[in-house]
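**Q** next input, structure requested:
(4 chains)
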There are 2 protein chains.
Amino acid sequence: MSGKRSLIRTGTTVDQMVRAIGDRIVTGVLRPGEKLDEVSLAARFEVSRTPVREALGQLSAMGLVERRPNRGAIVAVVTQEHLASMFESMAELEGICARFCAERMTGSERRALETEHQASARLVRLGAEEDYEYFNTEFHSRLYRGAHSTHIYELTAMTRSRLAPFRRAQFRLTGRLAKSWQEHDAIVTAILRGDGPAAGKAAMEHVSIVSEASAVFVVDDQARAAPLHP
Amino acid sequence: MSGKRSLIRTGTTVDQMVRAIGDRIVTGVLRPGEKLDEVSLAARFEVSRTPVREALGQLSAMGLVERRPNRGAIVAVVTQEHLASMFESMAELEGICARFCAERMTGSERRALETEHQASARLVRLGAEEDYEYFNTEFHSRLYRGAHSTHIYELTAMTRSRLAPFRRAQFRLTGRLAKSWQEHDAIVTAILRGDGPAAGKAAMEHVSIVSEASAVFVVDDQARAAPLHP
DNA sequence: AAGGCAAAAAGTGCATGCAATTGCCTTTCG
DNA sequence: CGAAAGGCAATTGCATGCACTTTTTGCCTT
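**A** Presented below is the predicted three-dimensional model:
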C-alpha cells in the first residue's frame, strides 16, 4: 500500500501498531495460536521491527498475545478453563455496570438507551444479524459508560476485547437474535425502573447465555488456527 | 556482565525492567507524577534504552505509568474521581472473590485461611503494623486465589497494584489494625460457613472502609510528588 | 531406513545511532 | 520592562546492526 495505514494513523507508530495488530486479533483476522512474526509484521506495515516489538509487548501486557522468550509471539491461546473464567468475569462485570446504570445514569442516558434499544427491535424482525451485531455492541458500550466508573469501564472493555475473538458467531444460532433482544429488554426495563439489583441480575444472565452460545465455537476455531500445537 | 540486578533476574531484560520499575511504583519509591527519564533509568539499571522503553510501554498498558508522546513518561497520576472509581471497583472485585471463595474453596484452602487469620491476631495485640501489613497482603491474596477464577484474579491483582501507591499508610491510623482484623474475621466466618452473599458483602465493606482510610493520604502524596502539575 | 548430530538459517533480544520533536534560554523588538 | 521569536540543548522515536538462541536441514552413522 502507498498511503500507509488507512484509518489508524493517529499517535505514534507504536500506538498504530498496537491498534492495527490488536484490531486484527479482536476481529479474528489473526486467530488464537497464530504466529506473530516480527519481521513479517514490520514488513506488512512498512515499519521497522522496533515499534512492532513494543506493540507486541503491550498487547502481551493486555493479554491479547502470548510471548515466549526467544521463541516469538502468538495470538493468545486460551484454555477452556480460562475462557470460562473470562465469561464468568464478564457476567459479573456487566452485572455491576447494569446495577450502577440503574443507580447513576442521567436522564438523557436513559432516554438514549431506551430509544436505541427500541429501534433495534426492527432489526430483530428483519433478522438482520450484521446490523444487530452493531447495535448490540453499542448497547453494551452504553451500559459500560453509563456506570460512570472509569475503572470498571477499563476492566470491562479489556475483558470484552479479550473475549471478542470467541464470540463472533453467536448470532448465527437460531433464535439467538430474538432472545438477545428480550434479554436486553429485561435489562433496560430494570434500569429505567431504577432497580439496580434486578438490572444486575438480568445483565449477568444475559452474558451467561451468550457464554454458552459462544463456547461451541471455541474448540473448532483454535483447532483450525493452530492444528499442530502440542 | 557481573552480578547485575539483585533479586529480579529471571526472564528477559524487558521483564526485569517491568518488574523493577513496576515495583518501585507500587511500593512508592517512585511517586505519582514523578518523571521517568529513559536515559536515567537505563543508566540506573545498566541497560540500554530499548528495554526501558519497552518496559515503560508495558507499564503504560497496565496503567501504572502515563505516556505523553514525545514528552516522556511519568508515574500515573490519578484523579480523585478515578481513584474513587478504582476503590469502588476493588470493593466489587473483592466481594466477588469472597463470594466465590465461600462457594469454591477447597478444604485445605479454608483451613489455611482460617489458620493464618487466627495467627495474625497476635500481631494486632502487639500492634505490629509492618508484620500485619504482610499478613494482610497474604490474606487478600488467598481470597483472590481461592476464587478459582484466573481472570478475576488478573483483574483483581491489576487493580490492587494500581491502588497500592495510595494505600500504604492505612494502618498508621489509630485503631485501624484491630478494625481490619475484625473485618477479616467477618469475611473468614462467612466463607467457612459457605455463605457466599455474606462473604461478598463483608469483603466489599472491608474495602470500602480501607478506601476511606486511604483517601486521606492521596492529596498530600501527589502534591509532594508533583507540586507543579496543573 | 531411521536416528542423531552438526552446521546453517531464521528469528529474537538488546545496543547504538540518527532524525525529529520539545522545552528552555537567550536575544531582540515593541 | 515585558513579550515574542529564534536558536540550542536535551530527550524521545524509530531504524539498523550485531550477538545469541532456537529451529531446521542435511549428512553421517548405526
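**Q** quick one: contacts for A:Ile187?
**A** Taking C-beta atoms under 8 Å, 6 or more residues apart in numbering or on different chains as the contact definition, A:Ile187 lies against A:98, A:143, A:199, A:202-203, A:206. In short, each C-beta sits where N, CA and C put it, glycine included.
**Q** that one belongs to a helix?
**A** Yes - for A:Ile187, which was evaluated using DSSP: H, G, I helix; E, B strand; the rest coil, the result is membership in a helix.
**Q** what does chain A have sitting close to DNA strand C?
**A** Selection of chain A residues close to DNA strand C by C-beta under 7 Å from any atom of the strand yields A:36-39, A:49-50, A:53, A:67, A:69-73.
**Q** sitting in strands, which of the residues you listed do you find?
**A** The subset of the residues of chain A next to DNA strand C located in strands under the criterion DSSP state E comprises A:36, A:67, A:73.
**Q** thought the last one was touching A:Gln58?
**A** No - taking C-beta atoms under 8 Å as the contact criterion, A:Ala73 and A:Gln58 are not neighbours in contact, 11.4 Å apart.
**Q** ok, the helix or strand hosting A:Ala84 near chain B or not?
**A** Here A:Ala84, judged by DSSP states H and E, is contained in helix A:80-104. Yes - if you take C-beta under 8 Å from any C-beta of the partner chain as the test, helix A:80-104 does meet chain B, through A:81-82, A:85-86, A:88-89, A:92, A:96.
**Q** stretch A:19-33 near DNA strand D anywhere?
**A** No - taking C-beta under 7 Å from any atom of the strand as the criterion, stretch A:19-33 and DNA strand D are apart, separated by no less than 12.4 Å.
**Q** tell me which residues of that stretch are tucked away?
**A** Along stretch A:19-33, these residues count as buried under the neighbour rule (16 or more other C-beta atoms under 10 Å in any protein chain shown): A:19-22, A:24-26, A:28, A:30-33.
**Q** with stretch A:73-87 instead?
**A** Buried residues in stretch A:73-87, counted by 16+ other C-beta under 10 Å: A:73-78, A:82-87.
**Q** ok, the closest residue in space to A:Glu66 that isn't next to it in sequence - contacts?
**A** When the adjacent residues along the chain are set aside, A:Glu66 lies closest to A:Ala76, with 4.8 Å between them (C-beta to C-beta, 6 or more residues apart in numbering or on different chains). A:Ala76 makes contacts with A:25, A:32, A:63-66, A:162, as judged by C-beta under 8 Å, 6+ apart.
**Q** one more: A:Ala202?
**A** With contacts taken as C-beta under 8 Å, 6+ apart, A:Ala202 has the following neighbours: A:98, A:183, A:186-187, A:190.
**Q** cool, A:Glu109 as well?
**A** Residues in contact with A:Glu109, defined by C-beta under 8 Å, 6+ apart, are A:101, A:142, A:145-146.
**Q** tell me the confidence at it?
**A** Per-residue confidence (pLDDT) for A:Glu109: 97.
**Q** and for A:Gln16?
**A** Each residue has a pLDDT score; the one for A:Gln16 is 95.
**Q** residues of chain A that sit close to DNA strand D?
**A** Taking C-beta under 7 Å from any atom of the strand, the part of chain A that reaches DNA strand D is made up of A:12-14, A:47-51, A:54, A:70-71.
**Q** in helices, which of those fall?
**A** Of the residues of chain A next to DNA strand D, the ones assigned to helices by DSSP state H are A:13-14, A:49-51, A:54.
**Q** same list (those residues) but as TSV, adding distance to B:Glu129.
**A** Putting those into TSV (distance: C-beta to C-beta, whole Å) gives the following:
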residue	distance to B:Glu129
A:Thr13	48
A:Val14	42
A:Arg49	49
A:Thr50	46
A:Pro51	46
A:Glu54	41
